[in-house]
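Enquirer: only geometry, no sequence info:
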């Protein structure tokens, strides 16, 4: 598995199939474009300085395994053909939210 460096994070995203439901094959460029349009995934690894500013200020931050929502077209794609997975390597600041089971009051109070 890749280990992000500095403030980068590794997010697993849904793999877009090359073949549509109607049986048409999309070009590699179209598949890559659709992969970069995705805005949600699962946080699987973080660099040593990821979320450093949030941690230093005792703020909440996404943890490995959290579903995160990030900036469209941010970062770079990485295809792990061996495990049939697709990842985006993005900066921690490109993550705007994470899914949580906390109540609204707990989220607002930190």
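Expert: Great, that's in hand. The model shown is predicted, which means the values in this text are computed figures rather than measured ones.
Enquirer: and the longest helix along the chain, what other elements does it pack with?
Expert: For the chain, the helix with the greatest residue count under DSSP state H is helix 28-37. If contacts are counted by 3 or more CB pairs under 8 Å, 6 or more residues apart in numbering; DSSP states H and E, helix 28-37 sits against strand 76-80, strand 85-91. For the C-beta atoms, the positions are set from N, CA and C on the backbone; glycine is no exception.
Enquirer: Out of those strands, which one sits most buried?
Expert: strand 85-91 (a mean of 20; mean count of other CB atoms under 10 Å).
Enquirer: those helices in the protein, which residues are they?
Expert: Using DSSP H, helices in the chain cover 28-37, 52-56, 104-108.
Enquirer: closest one to residue 65 among the ones you listed?
Expert: helix 52-56 (17.1 Å; CB to CB).
Enquirer: Number of residues surrounding the residue nearest to residue 28 when sequence neighbours are not counted?
Expert: Excluding its sequence neighbours, the residue lying closest to residue 28 (CB to CB, 6 or more residues apart in numbering) is residue 18, at 7.8 Å. Counted with other CB atoms under 10 Å, the neighbours of residue 18 add up to 12.
Enquirer: Could you verify my assumption that residue 1 touches residue 78?
Expert: No - using CB atoms under 8 Å, residue 1 is not in contact with residue 78, being 10.1 Å away.
Enquirer: Need the overlap of contacts for these two.
Expert: Common neighbours of residue 1 and residue 78 (criterion: CB atoms under 8 Å, 6 or more residues apart in numbering): residue 10.
Enquirer: Would you work out how far apart the start and end of stretch 17-32 are?
Expert: The straight-line separation of the ends of stretch 17-32 (CA to CA, to the nearest Å) is 10 Å.
Enquirer: So which helix or strand of this protein has the lowest pLDDT on average?
Expert: Every helix and strand in the chain was compared by mean pLDDT, DSSP states H and E; the lowest is helix 104-108, with a mean of 57.
Enquirer: what sits against residue 3?
Expert: Contacts of residue 3 (CB under 8 Å, 6+ apart): 10, 45, 47.
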